[in-house]
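>>> Requesting a structural model of the entry that follows:
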Amino acid sequence: MIRVADEVAGALAGGGAVVALETTLVAHGFPAGEGVAVAAESERAVRAAGAVPATVGVLDGELRIGLSPAELERFDESARKAGPAELAACVARRTVGATTVGGTLAACRVAGIRVLATGGIGGVHRGFATRPDVSADLAALARSPAVVVCSGVKSLLDVEATVEALETLGVPLAGWRTDELPRFYARGGGPPLATRVDSADEAARLAEAHWGVGGAGLVIARPPDDEVDVDPLVDEAVAAAEAEGIAGGAITPFVLARLHMRSGGATLRANRGLVVGNAALAAELAVALATRR
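This is a model prediction of the structure:
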């Protein structure tokens, strides 16, 4: 039920640097066809930094860890969003499953991959008091010994509540050359951070120390290179989703599509840039970890 690509398996066996990449971004994070191009660009960024990309998804009854270009093409908008709870169903039913951060972390645990790159992590949804909704990404982080490199929490979520939840779960949150949490499309504006790292080696030492004292996942939040002021548009998009009765896993693609349209494509360009930039940083960190080992 699990297939690790030969290149990925070889790198892991030799103690090399490997970076896991999710496929929900490919299927649901960008307009049709755009996600595959972003995934390919992310893989190139990982290779350029000296690591091996391991893009994860479910195909033909198998959890695939490392995908070919042809396999990546199969992750379109019809793919099922696959968090930890959906992986088994996708495998058993031979459904194309686009893994979330949480689903990809499950694959990391199986394969022994220690670094994952994404755009933003899931978390506590807005309006939790009236309709509880928390992403499975948080629980997966609490039990997976891996570093997730991202640009903070997805902007449509309750960022402050998500930071509190991470602390409760024992998941360290460190800023990449920043003392405040990026707000996905914005370089700052989030809660202050108690920990920052200024080099890949410093991030690697933090991860090793966390794992050495029995910790599991940790998050490195990298500010986006290009800022876009979208707070009013996010509020508008979230309100529209609520008015249309959209909830759960359908919220993110709905809000993203609306943001891309209402911003004239500015959020789409920023999203692509931060995803690829995070992949490059994750590769630097994976190389630093492999070198230290």
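>>> What is the end-to-end distance of stretch 23-35?
9 Å (Cα to Cα, to the nearest Å).
>>> Listing partners with orientation, what would you give for the longest strand seen in the chain?
Ranked by residue count and defined by DSSP state E, the top strand of the chain is strand 52-59. Note on strand 52-59: by DSSP bridges, its sheet partners are strand 18-21 (parallel), strand 62-65 (antiparallel), strand 97-99 (antiparallel).
>>> need the contact list for the spatially most central residue of the chain.
Note on the chain: the residue nearest the mean C-alpha position is residue 118, at 2.9 Å, using Cα atoms, centre = their mean. Contacts for residue 118 (Cβ atoms under 8 Å, 6 or more residues apart in numbering) come out as 21-22, 25, 101, 104, 148-150, 275, 278. Quick note: C-beta positions are derived from backbone N, CA and C, even for glycine.
>>> Same list (the residues you listed) but as a markdown table, adding neighbour count.
Converted to a markdown table, the contacts of residue 118 look like this (neighbours: other Cβ atoms under 10 Å):
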| residue | neighbour count |
| --- | --- |
| 21 | 28 |
| 22 | 29 |
| 25 | 26 |
| 101 | 31 |
| 104 | 33 |
| 148 | 29 |
| 149 | 25 |
| 150 | 26 |
| 275 | 27 |
| 278 | 28 |
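>>> where are the low-confidence patches of the stretch 151-293 of the chain?
248-249 (pLDDT under 70).
>>> mind listing the strands for it?
Along the stretch 151-293 of the chain, counting by DSSP state E, counting those that start in this stretch, strands occupy 173-176, 195-197, 218-221.
>>> so which of these gets nearest residue 2?
strand 218-221 (24.5 Å; Cβ to Cβ).
>>> Quick check: the gap between the residue nearest to the centre of the chain and residue 292.
23 Å (Cβ to Cβ, to the nearest Å).
>>> Same check on residue 27?
Residue 27 is 35 Å from residue 292, by Cβ to Cβ.
>>> of these two, who's got more company?
It is residue 27, of residue 27 and residue 292, that has more neighbours when counted by other Cβ atoms under 10 Å, with 27 against 11.
>>> Pull the contacting residues for that one.
Going by Cβ under 8 Å, 6+ apart, residue 27 touches 35, 75-79, 81, 98.
>>> element containing residue 38?
helix 34-48 (DSSP states H and E).
>>> actually residue 26, not the one I typed
helix 24-28.
>>> before we move on, the earlier item: same list (the strands paired with strand 52-59) but as TSV, adding mean pLDDT and distance to residue 229.
As requested, these are exported to TSV (pLDDT from 0 to 100; distance: least, Cβ to Cβ, whole Å):
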stretch	mean pLDDT	distance to residue 229
strand 18-21	98	28
strand 62-65	98	38
strand 97-99	98	29
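>>> Of these, give the one that comes closest to residue 173.
strand 18-21 (19.1 Å).
>>> who's in contact with that closest one?
By Cβ under 8 Å, 6+ apart, strand 18-21 touches 8, 11-12, 39, 42-43, 46, 51-56, 65, 104-105, 107-108, 111, 113-118, 146, 279, 282-283, 286.
>>> Kindly report the same for stretch 126-134.
Residues contacting stretch 126-134 (Cβ under 8 Å, 6+ apart): 123-125, 156-158, 161, 165, 238, 242, 247-248.
>>> re the thing from before, what's the most buried one of the strands of the stretch 151-293 of the chain?
strand 218-221 (a mean of 25; mean count of other Cβ atoms under 10 Å).
>>> can you give me the offset of it from its chain's centre?
10 Å (Cα atoms, centre = their mean, to the nearest Å).
>>> quick revisit: what subset of the contacts of strand 18-21 is buried?
In these, burial by neighbour count holds for 8, 11-12, 39, 42-43, 46, 51-56, 65, 104-105, 107-108, 111, 113-118, 146, 279, 282-283, 286, counting by 16 or more other Cβ atoms under 10 Å.
>>> Appreciated, that's everything.
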